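S.K.: Got a sequence here, can you model it:
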Amino acid sequence: MRAGIATITPIYLLSLIVWSSLACRSGGAWGRTSVLSIEASVAGAPSGPPEPATAADIILRTEKLSKRFGNRLVVNEIGLEVRRGDVFGLLGPNGSGKTTTLRMILNLIWPTAGSIYLFGQNTAEGNNHHAALRRIGAIVEQPAFYPYLTGAENLQGVAVFAGLADAATTRNRIQEVLTTVGLATYQGSYRTYSLGMKQRLGIAAALLTSPELIILDEPTNGLDPAGMVDVRALIGRLAQGGTTVLLSSHLLHEVQQVCTRVAILKDGKLLTQGAVSELLASSTGVLVSFAQAEQLPQAAGILLDAIKNGADWLRGAQYVLPEPGSWTPPGGWCLLADAPADRAADVNALLGGHGIYPAEVRRSEGNLEQYFLKLTGGQQQQSATVVPLMPTSHDQQPGGNA
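M.R.: Alright, predicted model coming up:
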């Protein structure tokens, strides 16, 4: 259902404002795939398990949640855990089951199997689902409003639809949420809104009842860069204000900038979930570039010797291509030391002690795009043993056979 229908029926968010309708019823990777591994990588010490969440911390939990349409299994026994205060990203390519999962959580479609717990209550029991949904705001797909009304006028209609009293408190709340999303001073009609403004007005509608959890399906889909920045900043403000946010997206770079925890889906299956910092911990390192091309294999040899001599903080190294838009050193390759990012000074001192002085040394942070491709097998890595040979182009591997 889309915005064109909004002039026919008094439904202001035709796609979904879940809290209102149900309350009424109830009452990467460096930009390229070339990463060349250096031999003699050493496994790092495993980190301890994260602190378990208490029952009070968990605002949403699913157990073996599944959905089948005919013979097609769209969601396959996924178990999610969203904690109070999270900005939780449900990630995956189009068709991975993200929107179907959100629709089951919001009681828009019935699960084929599995359980959903909201605010500690099994939603399949009694009136638990309707009671929980009064504490949730959500937008699934594109919000739709009356095109010739202002944002405030549209939200007044949403308030009526949600059963809120036509009183000064409701009008004050409308102004509060418009201020939160940065639309309080704009007096134009909805048809004059940009895509980013439309998306923010939809979020404002979902915030009207001061929900504890807000669910956003692809909130930056179709937006230009400025609109993405606006929505991302808004999500950050919501989190700072104490609202738990669950969002779905296939834009991994965008999600990494705003989410604290994520779950990754593919073909309806949950591949992994956890804190972004923990998932990317193994992808951090120290990136080293050289103004003199012949110093690259020399530096690689120094790092390998250090590993053999007991430098336990150094696990290995890789030749990698520079990030798009960054400085490209002579020869076209950089050296990525597999070490904690805060050991950049140690890498620099190690090389300097052997008379090798990098032109650039900086922290290398992992990214969700790289992690996703590695997890799903979408990135094929080529390996090359380090030998004292210098690459002459991107088509020739560093340390390739003579």
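S.K.: Pick out the residue closest to the middle of the chain.
M.R.: residue 255 (2.6 Å; CA atoms, centre = their mean).
S.K.: Distance-wise, check that one relative to residue 372.
M.R.: Separation of residue 255 from residue 372 (CB to CB, to the nearest Å) stands at 10 Å. C-betas here are computed from N, CA, C, even on glycine.
S.K.: any shared contact partners between those two?
M.R.: Contact criterion CB atoms under 8 Å, 6 or more residues apart in numbering; residues shared by residue 255 and residue 372: residue 91.
S.K.: Tell me where the model's unsure across the chain.
M.R.: 1-53, 55, 377-402 (pLDDT under 70).
S.K.: quick one, longest strand in it?
M.R.: Counting residues, the longest strand found in the chain (DSSP state E) is strand 58-69.
S.K.: all strands for the stretch 1-150 of the chain, in order.
M.R.: Shown for the stretch 1-150 of the chain, the strands assigned by DSSP state E, counting those that start in this stretch span residues 35-37, 58-69, 72-78, 81-83, 87-91, 113-118, 121-122, 136-139.
S.K.: Give the other helices and strands that the longest helix seen in the chain contacts.
M.R.: Longest helix of the chain, by residue count under DSSP state H: helix 225-240. Contacts defined by 3 or more CB pairs under 8 Å, 6 or more residues apart in numbering; DSSP states H and E place helix 225-240 against strand 87-91, helix 168-180, helix 195-206, strand 244-249.
S.K.: Let's see that with 10 Å instead.
M.R.: strand 87-91, helix 168-180, helix 195-206, strand 213-217, strand 244-249, helix 252-256 (3 or more CB pairs under 10 Å, 6 or more residues apart in numbering; DSSP states H and E).
S.K.: chain center to it, what's the gap?
M.R.: 13 Å (CA atoms, centre = their mean, to the nearest Å).
S.K.: Buried ones in stretch 302-319, by neighbour count?
M.R.: Neighbour counts over stretch 302-319 (16 or more other CB atoms under 10 Å) mark 302, 303, 304, 306, 307, 311, 314, 315, 316, 317, 318, 319 as buried.
S.K.: Quick check: which element contains the fourth one?
M.R.: By that I understand residue 306. Using DSSP states H and E, residue 306 sits in helix 295-308.
S.K.: Which helix or strand contains residue 362?
M.R.: Here residue 362 is assigned to strand 360-364, by DSSP H and E.
S.K.: Strand partners (parallel or antiparallel) of that strand?
M.R.: In the sheet, strand 360-364 lines up against strand 285-289 (antiparallel) (DSSP bridges).
S.K.: Tabulate the CA atom coordinates of the partner strand in PDB.
M.R.: The C-alpha trace of strand 285-289 is given here as PDB (Å, rounded to 0.1, in the frame of the first residue of the first chain):
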ATOM      1  CA  GLY A 285      45.000  -4.200  12.600                       C
ATOM      2  CA  VAL A 286      47.800  -1.700  11.700                       C
ATOM      3  CA  LEU A 287      48.100  -0.400   8.200                       C
ATOM      4  CA  VAL A 288      51.600   0.500   6.900                       C
ATOM      5  CA  SER A 289      52.500   2.200   3.600                       C
END
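S.K.: how big is the angle separating it from helix 295-308?
M.R.: Interaxial angle, strand 285-289 versus helix 295-308 (axes from the mean of the first three to the mean of the last three CA atoms, to 10 degrees): 150 degrees.
S.K.: Stretch 337-353 spans what distance, first to last residue?
M.R.: 16 Å (CA to CA, to the nearest Å).
S.K.: what's the domain layout of this protein?
M.R.: 3-29+56-279, 283-383 (automatic domain parsing).
S.K.: wait, isn't residue 222 in contact with residue 194?
M.R.: No - using CB atoms under 10 Å, residue 222 makes no contact with residue 194, being 11.0 Å away.
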